[in-house]
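**Student:** the sequence isn't on hand, but the structure is:
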């Protein structure tokens, strides 16, 4: 099972810089080990306020108990609070192995919440979802849609995308048949230095 984990670190006041540097170095080494073991899939940095230390991680584990052990094994866990979101399989997910972004594209996560207008005939809903699946497949083939998961709650999904910029992403999302029925929350991402997908990093 896959999980999105929001990891927020608060270094205690007065902690010596060399202690922080040592913990960060051990964290990097442990992240590499977890990637090789198949538990750490991706790491990103979301937009941060000054002085904020927060990371988004995509992890794989057999269950919530195993994930807890994985997160506790990371050296920064002693200063960190973790918010875990379980992700379940989405029928439109293109699956792993998609093209990863280069220098000229950025990554984004989107939370999509669908609200079907009251009174919409079931056959219309089915037709829109059928076109949505076809369009999602096209976007994946072009490398724009990387992953798609179901989120807890009704008709909620998490999308992982790449695009040149937020404007292009908006156009991509608007091209989806479900777009008139959803609300979107978009998080632009930057690469984390411990991301397993960084060039030269073993996965």
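**Tutor:** All right, it came through fine. From a predicted model like this one, the values you see are computed outputs, not experimental measurements. Numbering: from 1, shown residues only.
**Student:** name the nearest residue to residue 54, sequence neighbours excluded.
**Tutor:** Spatial nearest neighbour of residue 54, excluding adjacent residues (Cβ to Cβ, 6 or more residues apart in numbering): residue 8 at 4.8 Å. No exception for glycine: its C-beta is placed from N, CA and C like everyone else's.
**Student:** that neighbour contacts residue 79, correct?
**Tutor:** No - counting by Cβ atoms under 8 Å, residue 8 sits too far from residue 79 to count as a contact (9.4 Å).
**Student:** surely the residue nearest to residue 54 is in a strand?
**Tutor:** Yes - the assignment for residue 8 (DSSP: H, G, I helix; E, B strand; the rest coil) places it in a strand.
**Student:** domain parsing of the chain, as residue ranges.
**Tutor:** For the chain, the structural domains run 2-87, 89-190, going by automatic domain parsing.
**Student:** any idea which of those scores lowest on pLDDT?
**Tutor:** Among those, domain 89-190 has the lowest mean pLDDT, at a mean of 92.
**Student:** contacts only, for residue 163.
**Tutor:** Shown in contact with residue 163 (Cβ atoms under 8 Å, 6 or more residues apart in numbering): 105, 106, 108, 144, 169, 172.
**Student:** look up the closest residue to the fourth one, ignoring the ones flanking it.
**Tutor:** What that stands for is residue 144. Closest to residue 144 by Cβ to Cβ, 6+ apart is residue 172, at 5.3 Å.
**Student:** report the distance from the helix or strand encompassing the one you found to the chain centre.
**Tutor:** Take DSSP states H and E as the rule and residue 172 turns out to sit in helix 166-174. When C-alpha coordinates are averaged (Cα atoms, centre = their mean, to the nearest Å), helix 166-174 and its chain have centres 18 Å apart.
**Student:** so what's the residue count around the residue nearest to residue 144?
**Tutor:** Residue 172 has 21 neighbouring residues, counting by other Cβ atoms under 10 Å.
**Student:** quick check: it touching residue 143?
**Tutor:** No - counting by Cβ under 8 Å, residue 172 stays clear of residue 143, with 10.9 Å between them.
**Student:** would you mark the buried spots in the helix or strand encompassing residue 86?
**Tutor:** Assigned by DSSP H and E, residue 86 belongs to strand 80-89. For strand 80-89, burial by neighbour count (16 or more other Cβ atoms under 10 Å) applies to 80, 82, 84, 86, 87.
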